[in-house]
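Participant: A predicted structure for the sequence below; I have some questions about it.
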Amino acid sequence: MSDIIPIDILILGAGGGGYPAAFFLARAGLRVVMVDPIGNLGGDCLAEGCVPSKAVREGALARAMSRKYTFFGLDGAIPSVDWQGVLAHKDLVQNARYDQHRREIAESSVIFHKGIGRITGDHEAEITTDGSDQLRYHFRYLIAATGSRPHMLRIPGAELAITSHHLFRLGTDLPMPARLAVIGGGYIGAESASMLDHLGVKTTILEMTDQLMPGADQDLRRYLTRCLGARVDLLLNASVTSIVRGAGGLQVTYRRNGVDLTLEADAVLMASGREPVRPEGVGAIGVPGEGAIVVDTTMRSAVAHVYAPGDINGRSMLFHSAVRQSMVAAHNILAGGQAVDRMNFHGVPFTVFTEPEIAWVGLDEPAAAAAGLAVATTRYDYITDSRAQIYGETDGFIKLVFDTSNNVLLGAQIAGLDAAQVIAPLALAVHARHTATTLAEMAFPHPMVTEGINKAARQFRP
């Protein structure tokens with residue numbers, strides 16, 4: 001066993017919750033050690049999530065666009081799908097980013113280990129590297145940024161299902177299924193079903209509630225359920241009870257309206273959410289609970305020297321949110337634990353990369369009312385939008401929710417064309433507490449959907 005090495009910061013996890021803080025604190029002159037089982041930056045987002053899934057998605061959208069050739073006055077065949085070629089492009093993007101991250105690590109003073117960390121004392125940890133070396137560190141502060149993993153339903157046959165890991169991991173050898181059953185109509189299930197349908201996979205979503213995207217704004221839920229339901233088979237109010245291997249593939253049994261039913265598929269995607277991953281030993285030093293680590297807006301846990309940014313705290317399980325949380329933790333650590341920075345969770349945008357897209361930020365009208373706020377909601381419908389008319393995608397909208405007491409934008413919901421892009425300036429507006437006047441006076445570029453922000457803001461009447 002090695003001697004105990006004194007350091008300032010130990011960071012467990014090199015995803016969005018870990019590496020921004022690592023580089024920032026190292027540049028400030030602190031001795032930083034970062035440990036990650038993948039051996040590179042990006043966490044699950046790059047390994048099997050956001051980046052590879054969107055690489056596949058963009059290929060699917062390119063193929064889907066060919067179905068609109070006649071709308072644009074063009075003619076031609078719909079491209080055939082080379083599944084291995086689609087996956088090769090995904091791998092190319094992942095490898096390019098991993099190469100970029102290797103250079104970032106090499107150019108920094110961060111001590112990086114590929115391996116697993118285990119907390120062994122209030123300020124001590126043991127690292128087991130990929131080469132089976134064991135290192136011991138004494139740290140002043142711990143950043144627990146070990147992220148999340150796919151949640152698996154506790155049903156018979158769950159082990160027969162694949163997850164986003166199997167579908168999008170680097171070097172995946174998963175064959176393209178002809179029939180895919182997706183368990184769960186949240187963002188992972190809806191996005192996967194949307195892109196694979198465009199690649200020619202017959203897709204069925206089994207969602208236990210009555211609409212897709214549980215917890216989202218009701219208008220967004222209805223919109224996505226209607227639009228995606230026109231392309232893929234939606235089985236709503238369907239609770240999956242088992243998966244078995246049969247002669248024709250996999251058989252999924254589900255209960256709907258009190259009746260047990262089955263469907264057959266070549267593959268079953270378990271998309272029933274994600275759950276935080278706690279580092280081993282963190283409970284023994286006083287961090288309570290068994291699931292998510294509870295933090296305040298400074299990212300500090302119940303233990304003063306332990307910070308937990310990112311998916312591990314369960315508050316906003318998105319890569320871009322984790323990056324900001326990581327910086328909040330870093331700023332407060334550098335200030336000796338003082339609360340010099342705080343996370344604004346209301347200002348984090350959420351985008352669902354289906355086709356069509358939906359996105360939102362801040363409060364919707366029911367949430368604002370539940371908070372006791374008097375609000376006014378304005379709406380811009382895509383049917384009058386020039387860009388939407390150009391693309392023939394006029395079935396969408398922008399909603400803005402304003403506080404009538406001070407005209408501040410509390411939230412926004414977008415459905416349809418360019419939603420993932422249009423939500424960004426609205427997230428900035430929510431974060432900065434901009435008013436209807438600011439948005440109404442802003443000259444957004446024409447002809448782009450962002451003009452709808454301006455037009456919706458001009459409708460506001462306190």
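Facilitator: That came in fine, so what should we check first?
Participant: List the contacts of the residue nearest the centre of the chain.
Facilitator: The centroid of the chain falls nearest to residue 318 when counting by C-alpha atoms, centre = their mean (3.9 Å). Contact analysis of residue 318 by C-beta atoms under 8 Å, 6 or more residues apart in numbering lists 348, 350. (C-beta placed from N, C-alpha, C; glycine too.)
Participant: and the next element down the chain from the longest helix seen in the chain?
Facilitator: Identified as the longest helix of the chain according to DSSP state H is helix 83-106. Using DSSP states H and E, the helix or strand that directly follows helix 83-106 along the chain is strand 111-121.
Participant: Go through that following strand and flag the buried ones.
Facilitator: 111, 112, 113, 115, 116, 117, 118, 119, 120 (16 or more other C-beta atoms under 10 Å).
Participant: now stretch 365-375
Facilitator: For stretch 365-375, a neighbour-count test (16+ other C-beta under 10 Å) marks 365, 367, 368, 373, 375 as buried.
Participant: what about that stretch, how long is it end to end?
Facilitator: End-to-end distance for stretch 365-375, by C-alpha to C-alpha, to the nearest Å: 7 Å.
Participant: Which member of the buried residues of stretch 365-375 is positioned nearest residue 280?
Facilitator: residue 367 (36.6 Å; C-beta to C-beta).
Participant: ok so that closest one is a helix residue?
Facilitator: Yes. Assessed by DSSP: H, G, I helix; E, B strand; the rest coil, residue 367 belongs to a helix.
Participant: Quick check: it vs residue 356, distance?
Facilitator: Relative to residue 356, residue 367 is positioned 23 Å away (C-beta to C-beta, to the nearest Å).
Participant: ok so, going back, going by distance to residue 397, which of the buried residues of stretch 365-375 wins?
Facilitator: The shortest gap between residue 397 and any of the buried residues of stretch 365-375 belongs to residue 365, at 13.5 Å (C-beta to C-beta).
Participant: Model confidence score at that closest one, please.
Facilitator: In this model, residue 365 is scored at 96, pLDDT.
Participant: And the helices in the stretch 251-400 of the chain?
Facilitator: 319-334, 365-370, 386-391 (DSSP state H, counting those that start in this stretch).
Participant: Compare those helices and report which one is nearest to residue 48.
Facilitator: That would be helix 319-334 among the helices of the stretch 251-400 of the chain, by C-beta to C-beta, at 12.2 Å.
Participant: Please tell me I have it right and residue 51 contacts residue 97.
Facilitator: Yes. The criterion here is C-beta atoms under 8 Å, and residue 51 meets it with residue 97 at 6.5 Å.
Participant: anything in contact with each of the two?
Facilitator: residue 42.
Participant: just checking, what packs against the longest helix of the chain?
Facilitator: Helices and strands touching helix 83-106, by 3 or more C-beta pairs under 8 Å, 6 or more residues apart in numbering; DSSP states H and E, are helix 43-48, helix 50-65.
Participant: can you put these in TSV and add mean pLDDT and distance to residue 383?
Facilitator: Listed next are those as TSV, based on pLDDT from 0 to 100; distance: least, C-beta to C-beta, whole Å:
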stretch	mean pLDDT	distance to residue 383
helix 43-48	97	35
helix 50-65	97	21
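Participant: any chance of those in JSON lines, with distance to residue 230 too?
Facilitator: Below are the helices and strands packed on helix 83-106 laid out as JSON lines (distance: least, C-beta to C-beta, whole Å):
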{"stretch": "helix 43-48", "distance to residue 230": "29"}
{"stretch": "helix 50-65", "distance to residue 230": "13"}
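Participant: Pick the most deeply packed of the ones you listed.
Facilitator: Comparing the helices and strands packed on helix 83-106 by mean neighbour count (mean count of other C-beta atoms under 10 Å), helix 43-48 ranks first with a mean of 24.
Participant: so what's residue 358 bridging to?
Facilitator: residue 352, residue 415 (DSSP bridges).
Participant: Repeat that for residue 401.
Facilitator: residue 377, residue 411.
Participant: Kindly confirm whether my reading is correct that it touches residue 374.
Facilitator: No. Taking contacts as C-beta under 8 Å, residue 401 lies outside contact range of residue 374: 11.1 Å.
Participant: picking up where we left off before, what's the average pLDDT for the longest helix of the chain?
Facilitator: 98.
Participant: relative to helix 50-65, how tilted is that helix?
Facilitator: 150 degrees (axes from the mean of the first three to the mean of the last three C-alpha atoms, to 10 degrees).
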